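**Q** Please find the sequence and the predicted model below.
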Amino acid sequence: MEILGATLRVCVEDLETAVPFYERLAGGRALRFERGGVSVAAIGCFLLMSGPESELEVLRKVAATIAVKDVEETAQVLTDLGARVVAGPVATPGGRNLIALHPDGSVYEYADRNG
């Protein structure tokens with residue numbers, strides 16, 4: 001399993017106010033999309049999310065998104081190490097992802113760019 005990087009997940013009340021700050025901080029433009037009723041802006045290593053509290057409550061439980069080379073391989077490694085895959089792997093607009101519960105109770109999203 002190869003980890004390629006990590007994205008910090010940030011829930012914000014007002015995406016329109018938050019985006020300019022993070023664009024200047026990260027030195028790039030936001031890539032925006034909607035996912036399950038949540039507005040998302042990806043800027044550098046930050047993933048800003050805004051939407052209904054019921055949706056954000058679930059999203060806050062995921063500590064970070066970890067980019068990997070291959071989600072299928074990652075699922076096997078995680079399982080072998082005692083983690084539990086609680087969702088996925090599933091296809092996303094950018095590749096595939098899964099959600100895993102680590103033995104210490106931490107929850108992470110793992111994502112690849114493979115279709």
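**A** Ah, there it is.
**Q** how about the nearest residue to Asn97, chain neighbours excluded?
**A** Setting aside the residues directly before and after it, Asn97 is nearest to Ala111 in space (CB to CB, 6 or more residues apart in numbering), at 4.1 Å. The C-beta positions use only the backbone N, C-alpha and C, and glycine is treated the same way.
**Q** got the phi/psi numbers for that neighbour?
**A** phi -140, psi 140 (degrees, to the nearest 10).
**Q** Could you give the bridge partners of it?
**A** For Ala111, the residues forming beta bridges with it (DSSP bridges) are Ala67, Asn97.
**Q** list the contacts for it?
**A** Shown in contact with Ala111 (CB atoms under 8 Å, 6 or more residues apart in numbering): Thr65, Ile66, Ala67, Val68, Val71, Thr92, Gly94, Gly95, Arg96, Asn97.
**Q** hmm, try it at 6 Å
**A** Applying CB atoms under 6 Å, 6 or more residues apart in numbering to Ala111 gives the contacts Thr65, Ala67, Asn97.
**Q** give me the number of residues near the last one?
**A** The reference is to Asn97. Using other CB atoms under 10 Å, the number of residues around Asn97 comes to 21.
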